[in-house]
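J.: Fold the following and give me the result.
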Amino acid sequence: MGIGCGVLLSASAFALAQQLPQASFIAWGWRIPFLLSILAVLVGGAIRLYVTESPIFNKLEQRHQLARAPFITVWQTQRRHFFVALGARMAENTAGFFLQVWSLSYVTQTLHVPNVVPVMGVLLGSGIGCITIPLFGALSDRAKTRVYRRGDFIRRGDVPVFLAA
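T.: Next comes the predicted model:
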């Protein structure tokens with residue numbers, strides 16, 4: 001959910017910056033979303049300060065059973081699992097961001113659609129994601145995990161993209 005809402009915020013900032021005259025946008029306006037991201041980092045840090053640890057973590061901490069260097073422990077004992085998890089995350093993120101960037105480039109450069117159209121598409125998709133991710137998560141808590149995965153597949157737009165190809 002964090003990525004979808006982050007993309008929503010960044011695409012919103014970019015869409016607003018694009019409202020500047022083109023010469024101003026190219027000269028300095030494109031920097032505005034990046035500068036605003038500093039606020040997002042500060043808000044995220046502030047939120048993290050007030051999020052409590054899980055009860056399991058607190059129990060392990062009270063019993064002094066936490067690893068002194070968790071990464072080293074994982075590296076020494078679970079290296080294969082580490083690389084499987086790393087690869088899975090990289091594959092998911094690469095596919096998602098590749099689709100977004102390629103789509104924006106293709107629509108504007110090949111189809112000659114104005115820049116605002118694909119940016120609004122990203123805004124719409126991210127907004128839908130911010131609503132449907134918790135919805136399908138709640139459904140998967142009540143049903144089966146595959147409900148979430150099917151919903152995510154549809155929400156991200158993979159089905160329409162594959163049908164259009």
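J.: CA atoms for contacts and neighbours, from now on please.
T.: OK.
J.: Please enumerate the helices of this structure.
T.: 2-17, 22-24, 31-50, 55-62, 70-77, 79-105, 116-142, 145-155, 158-164 (DSSP state H).
J.: Against which helices or strands is the fifth one packed?
T.: Going back to what we said before, that points to helix 70-77. Packed against helix 70-77 by the contact rule (3 or more Cα pairs under 8 Å, 6 or more residues apart in numbering; DSSP states H and E) you find no helix or strand.
J.: Looking at that helix now, give me its mean pLDDT.
T.: For helix 70-77, mean pLDDT rounds to 93.
J.: now the angle from it to helix 79-105?
T.: Interaxial angle, helix 70-77 versus helix 79-105 (axes from the mean of the first three to the mean of the last three Cα atoms, to 10 degrees): 120 degrees.
J.: With the third one instead?
T.: If you take the same axes, to 10 degrees, helix 31-50 sits at 150 degrees to helix 79-105.
J.: about what we covered before: can you lay out the helices of the chain as TSV showing mean neighbour count?
T.: Output for the helices of the chain, formatted as TSV (neighbours: other Cα atoms under 10 Å):
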stretch	mean neighbour count
helix 2-17	17
helix 22-24	11
helix 31-50	12
helix 55-62	11
helix 70-77	12
helix 79-105	13
helix 116-142	17
helix 145-155	15
helix 158-164	10
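J.: Leu8 and Gly121: what is the separation?
T.: 10 Å (Cα to Cα, to the nearest Å).
J.: go on, Leu135?
T.: In terms of Cα to Cα, Leu135 sits 21 Å off from Gly121.
J.: How about Leu20?
T.: Distance from Leu20 to Gly121, by Cα to Cα: 20 Å.
J.: One more: Ile47?
T.: Where Gly121 is concerned, Ile47 sits at a distance of 29 Å (Cα to Cα).
J.: before we move on, what about Leu86?
T.: 29 Å.
J.: ok, now Gln22?
T.: Gln22 is 21 Å from Gly121, by Cα to Cα.
J.: and Leu123, what does it touch?
T.: Contacts of Leu123 were listed using Cα atoms under 8 Å, 6 or more residues apart in numbering, and they are 7-8, 11-12.
J.: what's the closest of those to Phe97?
T.: For the contacts of Leu123, the closest approach to Phe97 (Cα to Cα) belongs to Val7, at 10.1 Å.
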